[in-house]
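S.K.: heads up, no residue letters with this:
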């Protein structure tokens, strides 16, 4: 079975963010860290070489593949931030329409910069993502 590429590491977040060349993206990264730490109660940790995650959970698929993943996370990619949040039907129908300028993919939400989105809606999305699965139904 393949080994998970995205695992928690002891790498320095500050060292990672020093490599982000866009000063707005670097500043926005620290804003996201502050928001996600405050809402989750978990300190920021590096996951793999480029994801900043908060908390963790263990998953196991019917195939037998299992591992650990952050509860919420983001990555300051060169083209946009990748936000790793819960994205079920409720999120898509109720929160994303109020969120601001973004793009969706199967596993994440992309935003260019924090000025493009409503940060109060982001806080709602973070809080929603942190709820246990049973509470989302």
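M.R.: Nice, thanks for sending it over. From a predicted model like this one, the values you see are computed outputs, not experimental measurements.
S.K.: Just list the residues touching residue 80, thanks.
M.R.: 103, 110-112 (C-beta atoms under 8 Å, 6 or more residues apart in numbering). Bear in mind the C-beta positions are built from the backbone N, C-alpha and C, glycine included.
S.K.: for residue 76, same thing?
M.R.: Contacts of residue 76 by C-beta under 8 Å, 6+ apart are 17, 20, 25-26, 28-29, 50.
S.K.: quick one on the thing from earlier: looking at the contacts of residue 80, state which has the most neighbours.
M.R.: residue 111 (21 neighbours; other C-beta atoms under 10 Å).
S.K.: From residue 126, how far out is that residue?
M.R.: 13 Å (C-beta to C-beta, to the nearest Å).
S.K.: Please apply the same query to residue 33.
M.R.: 12 Å.
S.K.: neighbour-wise, which of the two wins?
M.R.: Taking other C-beta under 10 Å, residue 33 and residue 126 do not tie; residue 126 has more neighbours (21 against 17).
S.K.: counting contacts, what elements does the host helix or strand of the more buried one pack onto?
M.R.: Per DSSP states H and E: residue 126 is located in helix 119-130. Counting contacts by 3 or more C-beta pairs under 8 Å, 6 or more residues apart in numbering; DSSP states H and E, helix 119-130 is packed against helix 23-40, strand 72-76, helix 96-99.
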